[in-house]
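# Got a predicted structure plus its sequence, pasted below:
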Amino acid sequence: MPTRSEKHKARPWKRLPKGKNGGIELLLIQSVDHLGKPGDVVEVRPGYANNYLIPQGLATIATSHHKRMVEKHKAKLVEIEKSRLAGLRAIADLLNRQSVTIEANANDEGHLYGSVGQVEIVHALKEQNFTVTPDQVRLQGPLKELGLYTVKIHLHAEIESELKVWVVPTVSGE
């Protein structure tokens, strides 16, 4: 039976590279809000690296080989990001000119019996062939009255759009 020290020699744990400030040094594969763009070398806490960035495929270990590869393909990465941003800007322009109508049950004073939230707005946009996620819809709070609202749609760290949302009373079929 192998001793404890022999077990550790047989399976040495690969430690993540430490940065200057004691965090883990990672190379971003995808853009992460409030952290960086693809190709950036960032330093984050070990838990954030092990539990979120690496398992989600947003970052990889910043080895010297990876850093050299990124430097080599930096121009290509910049071009890919520019085309992605151009596509998002085009979607933002379309959303700025778009409005959605959401029917909701309301009393005579215009107060809704429920509320209109992010999920309802996403569903209304999906019917018009726009795909956004609920976390991209930025509301100050749930919409609780009939009327016209301007809602921010956060597409990227640099790109935000405004969408007009009409909340109208449900038409009863008489």
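Done, it's in. Residues are numbered from 1 along each chain as shown.

# Walk me through the domains of the chain.
4-72, 89-169 (automatic domain parsing).

# From one end of the last one to the other, what's the distance?
Spelled out, it's domain 89-169. For domain 89-169, the first-to-last residue distance is 33 Å (C-alpha to C-alpha, to the nearest Å).

# follow-up on the earlier one: among the domains of the chain, which comes closest to residue 79?
Across those, residue 79 has its closest neighbour in domain 4-72 (11.5 Å, C-beta to C-beta). Every residue, glycine included, has its C-beta placed from N, CA and C.

# Which parts of this structure are strands?
24-28, 41-44, 59-61, 99-104, 111-116, 137-138, 143-145, 147-154, 160-169 (DSSP state E).

# Make TSV from these and add distance to residue 83, mean neighbour count and mean pLDDT to it.
Compiled in TSV, the strands of the chain are given as follows (distance: least, C-beta to C-beta, whole Å; neighbours: other C-beta atoms under 10 Å; pLDDT from 0 to 100):
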stretch	distance to residue 83	mean neighbour count	mean pLDDT
strand 24-28	18	22	88
strand 41-44	23	18	90
strand 59-61	22	19	88
strand 99-104	28	15	93
strand 111-116	35	14	92
strand 137-138	25	16	92
strand 143-145	35	16	93
strand 147-154	20	14	94
strand 160-169	18	17	93
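
# Dump the domains of the chain into a markdown table; add distance to residue 78 as well.
Converted to a markdown table, the domains of the chain look like this (distance: least, C-beta to C-beta, whole Å):
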| stretch | distance to residue 78 |
| --- | --- |
| domain 4-72 | 8 |
| domain 89-169 | 14 |
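
# which residues touch residue 126?
Not one residue lies near residue 126 by C-beta atoms under 8 Å, 6 or more residues apart in numbering.

# for the chain, where's the lowest mean pLDDT among helices and strands?
Sorted by mean pLDDT, DSSP states H and E, the helices and strands of the chain end with helix 4-10, the least confident at a mean of 54.

# ok so, going back, what's the closest of the strands of the chain to residue 87?
strand 160-169 (13.0 Å).

# picking up where we left off before, of all the strands of the chain, which lies closest to residue 81?
Comparing the strands of the chain by C-beta to C-beta, strand 24-28 comes nearest, at 11.4 Å.

# Can I get the closest one in CSV, CA atoms only?
Taking C-alpha atoms only, strand 24-28 is exported to CSV below (Å, rounded to 0.1, in the frame of the first residue of the first chain):
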residue,chain,number,x,y,z
ILE,A,24,-5.3,33.6,-10.0
GLU,A,25,-4.0,34.8,-13.4
LEU,A,26,-6.4,33.8,-16.2
LEU,A,27,-6.7,34.5,-19.9
LEU,A,28,-10.2,35.5,-21.0
